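# show me the folded form of this:
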Amino acid sequence: LHDGTEYKGDEVKLVGVDVRTDLAVLKVEAHKRLPVAELGSSSKVRIGDWVIAIGNPFGFEGTVTVGVISAKGRSNLSLREGASQQDFLQTDAAINPGNSGGPLLNLEGKVVGINTAISTSTGYSAGVGFAVPIDLAKTVFPQLIKKGKVERGWLGVYIQPLTSDMKEALGVDHGLIVNEVIPDGPAEKAGMKSQDVIIEFDRKPIGSVPDLQGSVAVFPVGKAATVKVIRKGKAKTFKVKIAKMPEEVAENRPLKSEEMEESANWLGLEVQDSPDRRGVVVVGVFPDSPGADAGIIVGDVIRRVGQHDVENVRDYEKAKKILSGETRPILFWVRSSRSGRHKFVAVRPE
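Take a look at the predicted model:
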């Protein structure tokens with residue numbers, strides 16, 4: 001502790017861990033009353049509010065840095081490790097390796113967040129740090145203390161926010177697009193499909209990834225939720241029986257490098273047959289091309305172009321022929337080479 005007191009061995013017990021939020025609860029068998037920090041409310045924090053970060057960056061104990069709340073509700077961040085259920089507070093208070101787990105305080109000294117990650121190209125603070133909102137932590141701690149783990153509702157889909165190009169391509173103005181429907185999951189059993197755009201859950205509008213994740217997580221397991229989507233321009237409503245979230249996630253499959261049938265450049269992309277015959281692998285991306293601008297990289301696997309499923313180069317060429325004169329953004333369904341998960345990418349032709 002700050003006064004030099006140490007607790008170790010049998011004096012410290014790991015009560016529970018929640019990987020999705022990157023939080024844990026420790027129990028300390030202390031022989032005296034320990035000082036505790038008062039928890040505040042992250043929902044009351046406003047962008048521009050001053051905050052204080054405390055931690056042990058690079059082993060320097062009790063380091064204090066200050067900054068402001070730069071943004072709220074940050075999600076869909078590609079982190080090498082850490083929270084996958086993301087609704088972060090963003091701050092420019094310096095956060096470095098060793099700060100994780102330390103408090104983010106308001107000017108009243110109340111904890112509004114728990115420092116967890118940074119966005120940087122160097123490994124050191126670049127003024128873009130993230131903290132788990134304390135209101136989210138408050139929903140996690142009671143279950144960790146009582147059960148040692150967190151049980152959540154599960155819809156069985158992977159989702160992502162809509163960009164302006166994706167909205168134009170799909171003809172919608174809001175919602176979250178379904179990248180992938182998990183086989184035999186609640187959503188698939190109810191009839192939901194990839195490329196559905198979720199606009200309501202339990203009759204409540206959905207405006208962000210944290211909105212949906214939070215709503216599904218606390219929805220009673222075993223009960224049916226009403227999910228409203230836009231599919232091919234038309235509204236559809238499904239009754240989805242929410243399941244308990246599985247403890248394990250399927251492992252990503254690595255791509256093999258084999259000589260396959262190839263396709264010439266279209267939209268700045270060169271592709272060849274995927275080894276498993278489930279799509280085409282991107283083997284080349286031309287700089288400053290539509291494909292590069294959309295974020296497609298070598299190794300990504302294209303599974304669908306527009307409304308056309310792609311299992312091989314011939315399917316890709318058919319879609320290319322049909323869509324070659326398109327001027328609006330074209331929606332690609334892609335399996336990311338980085339995460340192994342599916343996502344939608346809107347490619348705007350030149």
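# all helices for the chain, in order.
With DSSP state H as the criterion, the chain has helices at 134-147, 164-170, 186-190, 209-218, 290-293, 313-323.
# which other helices and strands contact the last one?
What it means is helix 313-323. strand 262-266, strand 269-273, strand 280-285, strand 301-305, strand 308-309 (3 or more Cβ pairs under 8 Å, 6 or more residues apart in numbering; DSSP states H and E). All C-beta atoms are positioned from the backbone trio N, CA, C, and that covers glycine.
# quick check: which of those is nearest to Asn76?
Closest of the helices and strands packed on helix 313-323 to Asn76 is strand 301-305, at 19.9 Å (criterion: Cβ to Cβ).
# give me the residues contacting that closest one.
Residues outside strand 301-305 that contact it (Cβ atoms under 8 Å, 6 or more residues apart in numbering): 194-195, 255, 269, 271, 274, 278-282, 296, 309-310, 316, 319-320, 323, 330-335, 337, 342.
# so where's this structure shaky on pLDDT?
78-82, 121, 248-264 (pLDDT under 70).
# which residues sit in contact with Gly127?
67, 92, 94.
# give me that answer again for 7 Å
Contacts for Gly127 (Cβ atoms under 7 Å, 6 or more residues apart in numbering) come out as Asp92.
# same check, this time on Val28
Neighbours of Val28 in contact, by Cβ under 7 Å, 6+ apart: 7, 11-12.
# and it, how far is that from Asp92?
32 Å (Cβ to Cβ, to the nearest Å).
# and the residue most central in space within the chain, how far from Glu200?
Central residue of the chain (Cα atoms, centre = their mean): Asn76, 3.5 Å from the mean position. Distance from Asn76 to Glu200, counting by Cβ to Cβ: 20 Å.
# again with Ala53
37 Å.
# between these two, which is the more surrounded one?
Taking neighbours as other Cβ atoms under 10 Å, Ala53 and Glu200 compare with Ala53 leading, 26 against 18.
# show me what contacts the residue nearest to the more buried one when sequence neighbours are not counted?
With sequence-adjacent residues excluded and distances taken as Cβ to Cβ, 6 or more residues apart in numbering, Ala53 is closest to Ala93, at 4.2 Å. Neighbouring residues of Ala93 by Cβ under 7 Å, 6+ apart: 51-53, 65-67, 129.
# try Ile54
62, 64, 102-103.
# and the residue nearest to it when sequence neighbours are not counted, backbone torsions?
Among residues not flanking Ile54 along the chain, Gly102 sits closest, at 5.0 Å (Cβ to Cβ, 6+ apart). With angles defined as degrees, to the nearest 10, Gly102 sits at phi -80, psi 160.
# ok, longest strand in the protein?
In the chain, with assignment by DSSP state E, the single longest strand is strand 63-74.
# ok, back up a step: now the helices and strands packed on helix 313-323 as TSV including mean neighbour count and distance to Gly171?
Shown next, in TSV, are those (neighbours: other Cβ atoms under 10 Å; distance: least, Cβ to Cβ, whole Å):
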stretch	mean neighbour count	distance to Gly171
strand 262-266	15	23
strand 269-273	23	24
strand 280-285	21	26
strand 301-305	22	17
strand 308-309	13	17
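# so for Met166, which of those strands sits nearest?
Across these, closest to Met166 is strand 301-305 (Cβ to Cβ), at 13.6 Å.
# so Phe58 is in contact with Ala94, correct?
No. With contact defined as Cβ atoms under 7 Å, Phe58 does not reach Ala94; the gap is 11.3 Å.
# the more surrounded of those two?
It is Ala94, of Phe58 and Ala94, that has more neighbours when counted by other Cβ under 10 Å, with 20 against 11.
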